[in-house]
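S.K.: no sequence for this one, just the structure:
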């Protein structure tokens, strides 16, 4: 049981867990999840850790079919510049391994932005805290749990 799953269970919000056999040679974890679950890559969201204002970290949550637009992310965070965080910094801050970082149950609460395309779906899929495990959750329920802003941050 991961911290992400415990967080959702405590909230009493409806959700579903989807497990699949993770291929250790997979290059794109999110695309692997979408294919294994038989869902559109626009409905599976990846959790990316971004460095803003020097060493402060923040979270961008975007569909696996997109790339994070760092300029749009910076603008949405009201900062001048955003860069991708180093992998070890992302793992240390969240308590998860790369490819399994969830927006739920992170070790430290970081500011989060969810791409506005999430509103195209009633439910989206996010990592449940390890590779091969996804949580399907309502968009509004997720927003309430993670207290994220909504903005167009994917391209």
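M.R.: Here it is on my side, so go on. Everything quoted here is computed from the prediction, not taken from an experiment.
S.K.: got the contact list for the closest residue to residue 75 other than its chain neighbours?
M.R.: Distance criterion C-beta to C-beta, 6 or more residues apart in numbering; nearest residue to residue 75, sequence neighbours excluded, is residue 151 at 8.0 Å. Backbone N, C-alpha and C define where each C-beta goes, glycine included. The contact partners of residue 151, taken as C-beta atoms under 8 Å, 6 or more residues apart in numbering, are 72, 73, 75, 76, 113, 114, 115, 116.
S.K.: next one: residue 113
M.R.: 58, 59, 60, 61, 73, 76, 77, 148, 149, 150, 151, 153.
S.K.: closest one of those to residue 123?
M.R.: When the contacts of residue 113 are compared for distance to residue 123 (C-beta to C-beta), residue 61 wins out at 14.2 Å.
S.K.: the closest one: what's it in contact with?
M.R.: By C-beta under 8 Å, 6+ apart, the neighbours of residue 61 are 45, 46, 47, 48, 103, 112, 113, 114, 115, 118, 126, 148.
S.K.: among these, who's most crowded?
M.R.: The residue in the contacts of residue 61 with the most neighbours, by other C-beta atoms under 10 Å, is residue 45 (30 neighbours).
S.K.: does that residue lie in a helix or a strand, and which?
M.R.: strand 45-52 (DSSP states H and E).
S.K.: now do that strand: which elements does it pack against?
M.R.: helix 29-37, strand 56-63, helix 70-77, strand 82-84, helix 87-94, strand 123-127 (3 or more C-beta pairs under 8 Å, 6 or more residues apart in numbering; DSSP states H and E).
S.K.: mind running it again at 6 Å?
M.R.: strand 56-63, strand 82-84 (3 or more C-beta pairs under 6 Å, 6 or more residues apart in numbering; DSSP states H and E).
S.K.: neighbouring strands - and their directions - for that strand?
M.R.: Applying DSSP bridges, strand 45-52 is found paired with strand 56-63 (antiparallel), strand 82-84 (antiparallel).
S.K.: now that strand: average pLDDT?
M.R.: Per-residue pLDDT over strand 45-52 has a mean of 95.
S.K.: gap between it and the chain center?
M.R.: The chain centroid and the centroid of strand 45-52 are separated by 7 Å under C-alpha atoms, centre = their mean, to the nearest Å.
S.K.: tell me which residues of the helix or strand bottoming out on mean pLDDT in the chain are tucked away?
M.R.: Here the helix or strand of the chain ranked lowest by mean pLDDT, DSSP states H and E is helix 29-37, holding a mean of 86. For helix 29-37, the neighbour count (16 or more other C-beta atoms under 10 Å) marks 29, 30, 32, 33, 34, 36, 37 as buried.
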